[in-house]
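Q: Got a predicted structure plus its sequence, pasted below:
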Amino acid sequence: MVSDLRDDMVVLRCDMNRRFEQVDQRFLHLEDKMDRRFDSIDAKLTKYFAWTAGMFVTTLIAILGSLGALVTRGLTPR
């Protein structure tokens, strides 16, 4: 009786260990998948930031150029 109980506990322990290994593998797969998605999002945000910064610099140059033209035109005699 004790021997049977001990054997059942050994079998249960093996089943539980196998199940925990499966769960661990699922979590590792999920972590890899999330890392790939975050890397993709990071790449997109970096690209959008570069475009936004470029548009800001271009707009700033256009505004400063217009302001310079207005100042230059205002300083010249008519």
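A: Nice, I can see it.
Q: shaky segments in the protein?
A: Scanning the chain for pLDDT under 70 picks out 77-78.
Q: most centrally placed residue in it?
A: By Cα atoms, centre = their mean, the chain has its centre lying nearest to residue 38, at 2.6 Å.
Q: Does that one lie in a helix or a strand, and which?
A: helix 2-75 (DSSP states H and E).
Q: For residue 25, see how far away residue 32 is.
A: Residue 32 sits 11 Å away from residue 25, going by Cβ to Cβ, to the nearest Å. Using the backbone N, CA and C atoms, a C-beta is placed for each residue, glycine as well.
Q: swap that for residue 53, sorry
A: From residue 53 across to residue 25, the span is 42 Å (Cβ to Cβ).
Q: now do residue 12
A: Distance from residue 12 to residue 25, by Cβ to Cβ: 20 Å.
Q: again with residue 45
A: From residue 45 to residue 25 the distance is 31 Å (Cβ to Cβ).
Q: Ok, residue 33 next?
A: For residue 33, the distance to residue 25 equals 13 Å [Cβ to Cβ].
Q: Repeat that for residue 61.
A: With the distance defined as Cβ to Cβ, residue 61 ends up 54 Å from residue 25.
Q: Then residue 16?
A: Counting by Cβ to Cβ - residue 16 and residue 25 are separated by 15 Å.
Q: Contacts only, for residue 26.
A: If you count contacts by Cβ atoms under 8 Å, 6 or more residues apart in numbering, residue 26 has none.
Q: Also residue 21?
A: Under the criterion of Cβ under 8 Å, 6+ apart, residue 21 has no neighbours.
Q: For residue 27, see how far away it is.
A: The gap separating residue 21 from residue 27 is 11 Å, by Cβ to Cβ.
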